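Engineer: A predicted structure for the sequence below; I have some questions about it.
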Amino acid sequence: SALNLAGWTRKLTGIPTIMVGSVGLNNEMILSFMGNSSTTTSILPAIGMIERCEVDLLAIGRGILANPDWAELVRKRAWDEIKPYVPAMMGRVY
């Protein structure tokens, strides 16, 4: 199945869910704690999950750290302006 945990929870219970995890990035968050950067990837699969009512919301973490204007860039479909995440960006949070 292409459904993730949030998708299955929504399908089986009908309660609203939030998809969390590497939306628009090519690797998992745990890898960034090991010093790995993430390149950007298409968010269209995640958008499709919302459009198909498989999930209700997307949680964006590292993408927002790299692009505080992430929502505006996505709204404008300015895919080439979205910057990749690098672990040094996490230092700004602490």
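Structural biologist: Cool, the structure landed.
Engineer: every contact and neighbour count from this point should use C-alpha atoms.
Structural biologist: Fine.
Engineer: immediately after the worst-scoring helix or strand of the chain on mean pLDDT, which helix or strand?
Structural biologist: None of the helices or strands of the chain scores lower by mean pLDDT, DSSP states H and E than helix 29-33, at a mean of 69. On the C-terminal side of helix 29-33, the closest following helix or strand by DSSP states H and E is helix 44-51.
Engineer: buried residues in that following helix?
Structural biologist: Buried residues in helix 44-51, counted by 16 or more other CA atoms under 10 Å: 46, 49-50.
Engineer: make CSV out of the residues you listed and add distance to residue 11 and pLDDT.
Structural biologist: Below are the buried residues of helix 44-51 laid out as CSV (distance: CA to CA, whole Å; pLDDT from 0 to 100):
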residue, distance to residue 11, pLDDT
46, 16, 85
49, 12, 89
50, 13, 92
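Engineer: low-scoring stretches of the protein, by residue?
Structural biologist: Residues of the chain meeting the criterion pLDDT under 70: 29-30, 33, 92-94.
Engineer: rewinding a little: of the buried residues of helix 44-51, closest to residue 2?
Structural biologist: Residue 2 lies nearest to residue 49 out of the buried residues of helix 44-51, by CA to CA, at 9.7 Å.
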